[in-house]
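Participant: Provide a 3D model corresponding to the input given below.
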Amino acid sequence: MPDLKISEMLEMQKNLLAKHPNWRPHCPDTGIRQLLWMVGELGEVIDVIKKKSEEEYMSPGPLREHLLEEFTDVMMYLNDALLCYAITPDEISDAYLKKHEWNMIRDYVRENKELFSSNAK
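Facilitator: Coordinates of the predicted model:
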């Protein structure tokens, strides 16, 4: 099975848009719509998970395939949003790596204590 690169997924989304010239172009004005559609698709992922047992959606079969399809829809709309804001594969990769490095050293317990204690005032 292939392990798609971000650049490959973005190119696939460009090709899909080219096939459908009546769709809105990848530009900042369209970005918010793509993000809203993505949130809707994420809701569909949640619906699959909340309505079935873990055993059902974790096992091979039609429900697992449906779950994967909904996750794919989320990723496709996210990739469309990246294109709308002209975010390159290198930019998102760099940002992801930086965020991961930060998350690896963060003190979540301290941050949450500070967050919640400042809200209590």
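Participant: which stretch of helix or strand covers Pro21?
Facilitator: Under the criterion DSSP states H and E, no helix or strand holds Pro21.
Participant: Now for Ala81, how many residues are close by?
Facilitator: 22 (other C-beta atoms under 10 Å). The C-beta positions use only the backbone N, C-alpha and C, and glycine is treated the same way.
Participant: wait, I meant Ile87
Facilitator: 16.
Participant: for it, phi and psi?
Facilitator: Dihedral pair for Ile87: phi -90, psi 120, per degrees, to the nearest 10.
Participant: According to the record, where do the domains of this protein fall?
Facilitator: Domain assignment for the chain by automatic domain parsing gives 1-87, 88-121.
Participant: most tightly surrounded among the ones you listed?
Facilitator: Mean neighbour count (mean count of other C-beta atoms under 10 Å) peaks for domain 1-87 among the domains of the chain, with a mean of 14.
Participant: Show me how far that domain is from its chain's centre.
Facilitator: Computed by C-alpha atoms, centre = their mean, to the nearest Å, the separation of domain 1-87 from the middle of its chain amounts to 7 Å.
Participant: can you tell me the distance between the two ends of it?
Facilitator: 27 Å (C-alpha to C-alpha, to the nearest Å).
Participant: And for stretch 1-12, what's in contact with it?
Facilitator: Met75, Met76, Asn79, Leu82, Leu83, Pro89, Ile92, Ser93 (C-beta atoms under 8 Å, 6 or more residues apart in numbering).
Participant: distance of the third one from Cys27?
Facilitator: Noted for Asn79: a distance of 15 Å to Cys27, by C-beta to C-beta, to the nearest Å.
Participant: Same list, the domains of the chain, but as JSON lines with mean pLDDT please.
Facilitator: Listed next are the domains of the chain as JSON lines, based on pLDDT from 0 to 100:
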{"stretch": "domain 1-87", "mean pLDDT": "96"}
{"stretch": "domain 88-121", "mean pLDDT": "89"}
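Participant: show me what contacts Glu41?
Facilitator: Glu41 touches Glu70, Asp73, Val74, Tyr77, counting by C-beta under 8 Å, 6+ apart.
Participant: just those residues now: which is nearest Tyr57?
Facilitator: Glu70 (10.4 Å; C-beta to C-beta).
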